[in-house]
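Undergrad: would you be able to build a 3D model of this:
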Amino acid sequence: MAVAALACLALAACGRESGAGARDGDGSGSVRTGPRVAGVHWNVDSVTAGGRRTAAPDGAHVLIDAKGRATGNFGCNHFTAETRTDGDTITVRRATTTAMGCDKNIERFEKALSRTFSGELTAAVTGRNLTLTTAAGDSIALTSESPAPLTGTTWTVTSLVSGTTASSLPGGTERTARLTFGADGSVRGALGCNSFRGTAEITGTTVTFGPVESTRMMCPDPAMKLERALLAVLDGRTTYRIDHRTLTLTAANGDGLGATAEKAGT
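TA: Below you'll find the predicted structure:
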């Protein structure tokens, strides 16, 4: 009888173990855990709407916290929204955005992303990649990425800021300007035409730039226009803000720059 009782207990335990495996997603009717989406900073790679794929501008991202509040950037403007997750379905509702004026190409992307990031979306995670798909077949491709520190990171300048308006760089100067802050209080990089070096004292959320030394090459007008704008920002006291891998530097007069952390190998 003791042997029989032990055999029954063993069979019961096996049965429970098999049932637990079924709950992980074999379609047996038990609750299935969806992919992990909350608590991860997702960079937007592209949006495909109406069969047309559009690459995302630098800085577009989505972050959903444990309470279902989504925050992020559509490419220029920041947004917040409420979400509800049920298995692999994410429902997005009540989105609100800032209203900064943006480059027209970025505005078109923002409209496509905001329309797609709405309503019921099916989430699929593969490694570091997330795809959100609407019932109509439109989709958003995203990739998780680690946050960037201010120092030791190569920041590529992506926009110029004046007050509440962010504008794209002069034509032909994309990815030509960058800066890197050293742990020793130095800053170096490229201005779009000439390379430069100087000092940068970091205190709290401020960066105070000392005199900047640069090479003295002459370049086409767009590059020189960008260089003059950047030198005006990298002069004296500025405030900085890092949003995961996006850096904003703002001078006292409201002029500034936006930059993104370069990915490894770029």
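Undergrad: leaving out sequence neighbours, find the closest residue to Ala81.
TA: Ala95 (3.8 Å; C-beta to C-beta, 6 or more residues apart in numbering). C-beta coordinates here come from the backbone N, C-alpha and C atoms, glycine included.
Undergrad: flag the shaky bits of the stretch 1-150 of the chain, pLDDT-wise.
TA: Residues of the stretch 1-150 of the chain meeting the criterion pLDDT under 70: 1-34.
Undergrad: where do the strands sit along it?
TA: With strands called from DSSP state E, counting those that start in this stretch, the stretch 1-150 of the chain shows them at 41-49, 52-55, 61-64, 69-73, 78-86, 89-97, 119-126, 129-133, 139-144.
Undergrad: tilt between the last one and strand 41-49?
TA: An angle of 160 degrees separates the directions of strand 139-144 and strand 41-49 when computed by axes from the mean of the first three to the mean of the last three C-alpha atoms, to 10 degrees.
Undergrad: which secondary structure elements does strand 139-144 contact?
TA: Judged by 3 or more C-beta pairs under 8 Å, 6 or more residues apart in numbering; DSSP states H and E, strand 139-144 is in contact with strand 41-49, helix 104-116, strand 129-133.
Undergrad: picking that back up, and of the strands of the stretch 1-150 of the chain, who's closest to Leu257?
TA: strand 69-73 (15.9 Å; C-beta to C-beta).
Undergrad: parallel or antiparallel, list what pairs with that closest one.
TA: For strand 69-73, sheet partners with direction are given as strand 61-64 (antiparallel), strand 78-86 (antiparallel), following DSSP bridges.
Undergrad: alpha carbons of the shortest one, as PDB, please.
TA: To tie it back to what came earlier, the one meant is strand 61-64. Extracted in PDB, the C-alpha atoms of strand 61-64 (Å, rounded to 0.1, in the frame of the first residue of the first chain):
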ATOM      1  CA  HIS A  61      11.500  55.700 -28.700                       C
ATOM      2  CA  VAL A  62       8.900  54.200 -26.400                       C
ATOM      3  CA  LEU A  63       9.100  53.200 -22.700                       C
ATOM      4  CA  ILE A  64       6.200  51.500 -20.900                       C
END
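Undergrad: buried set for it?
TA: Residues of strand 61-64 classed as buried: 61-64 (neighbour count, 16 or more other C-beta atoms under 10 Å).
Undergrad: this structure: helices as residue ranges?
TA: For the chain, the helices defined by DSSP state H cover 2-23, 104-116, 221-233.
Undergrad: what's the closest non-adjacent residue to Thr91?
TA: Nearest to Thr91 is Arg84, by C-beta to C-beta, 6+ apart, at 4.7 Å.
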